[in-house]
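*Asks:* Provided below for reference: sequence and predicted model.
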Amino acid sequence: MMLRVNTVREDTGSEGPGHRFCVWVQGCSRHCPGCFAEDLWDHQGGCELSVDDLCGRLDARLAMAPTLEGITLLGGEPFEQAEALARFSTYARSRGLSVFCFSGYTLEELESGPIPGAVELLGQVDVLAAGPYLRDERDFSRPWVGSRNQEFHFMTDRYEAGGFLGARNRVEVRLRRDGSVALNGMAAFFDRPAMGDHAPQEKGPDR
Ligand code: SF4
């Protein structure tokens, strides 16, 4: 089973609680006004990775960083690739990791709509950040989301809302060997992520 991916960052402290293995999927049909990840809309962008390869990379990272807390799925629209991400999330959970997933859909839309694999993916998610980024609702007072319409849903008891939402937004800046800079994370000044290469190694956000 294949995934279309823009970037994989194997260990970041800015995309959810603890250190996390993050996957920015490529492709989003929603085209929300104000979205600051427009270069992740194109379903032909990025590159393809098999879920098996991704699981292998996760295992390799876990061997190097056993304190990895979870995976984070964002994009792009993760639920447009829900079947493959459900499989990856199931594997991650089997390795003891938590799953934090973003979506431009509301939970009600995901639960009631005909999105293939949505129910399966929701069944693997510990925390869902749901709803599109809306420019007119811009608000950085909560961690990891950029507009006040977005809702956190605690789908399991793995995290407690108070502690989870008490985290502070962070930005990571990485200087690559070739001299380019990769950013990810959230901050009030962060109007536009520095989305860079399409090699699925390093990357920044959508919200
Ligand atoms: S805000 Fe999210 S759901 Fe909306 S267009 Fe951007 S990536 Fe897609």
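*Replies:* Received the coordinates, thanks. Remember, predicted model here, so these are calculated numbers, not experimental data.
*Asks:* Please tell me how far the closest residue to Gly13 other than its chain neighbours sits from Val5.
*Replies:* Among residues not flanking Gly13 along the chain, His19 sits closest, at 5.3 Å (C-beta to C-beta, 6 or more residues apart in numbering). In this view, the C-beta of every residue, glycine as well, is placed from N, C-alpha and C. Separation of His19 from Val5 (C-beta to C-beta, to the nearest Å): 20 Å.
*Asks:* Could you pull up the residues touching the residue nearest to Gly13?
*Replies:* Contact analysis of His19 by C-beta atoms under 8 Å, 6 or more residues apart in numbering lists Asp11, Thr12, Gly13, Ala65, Thr67, Leu68, Glu69.
*Asks:* Rebuild these as TSV, extending it with pLDDT and distance to Asp139.
*Replies:* Formatted as TSV, the contacts of His19 follow (pLDDT from 0 to 100; distance: C-beta to C-beta, whole Å):
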residue	pLDDT	distance to Asp139
Asp11	94	28
Thr12	92	23
Gly13	91	22
Ala65	93	32
Thr67	93	31
Leu68	97	30
Glu69	97	26
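*Asks:* Show the buried residues in the residues you listed.
*Replies:* With burial judged by 16 or more other C-beta atoms under 10 Å, the buried subset of the contacts of His19 is Thr12, Leu68, Glu69.
*Asks:* May I see the buried residues of whichever strand or helix holds Leu3?
*Replies:* Assessed by DSSP states H and E, Leu3 sits inside strand 2-12. By 16+ other C-beta under 10 Å, the buried positions in strand 2-12 come out as Leu3, Arg4, Val5, Asn6, Thr7, Val8, Arg9, Glu10, Thr12.
*Asks:* pretty sure the third one is touching Leu40, no?
*Replies:* The reference is to Val5. No: counting by C-beta atoms under 8 Å, Val5 does not reach Leu40; the two are 10.1 Å apart.
*Asks:* how much space between Cys22 and the ligand?
*Replies:* 15 Å (C-beta to the nearest ligand atom, to the nearest Å).
*Asks:* quick one, what contacts that residue?
*Replies:* Contacts of Cys22 by C-beta under 8 Å, 6+ apart are 7-10, 12, 15-16, 71-74, 184, 203.
*Asks:* So which of these sits lowest on pLDDT?
*Replies:* Of all the contacts of Cys22, Lys203 carries the smallest pLDDT score, 45.
*Asks:* residues in contact with Phe21?
*Replies:* 8-11, 57-58, 61, 68, 70-72, 92, 97.
*Asks:* in the sheet, who's paired with it?
*Replies:* Taking DSSP bridges, one finds Ile71 as the beta-bridge partners of Phe21.
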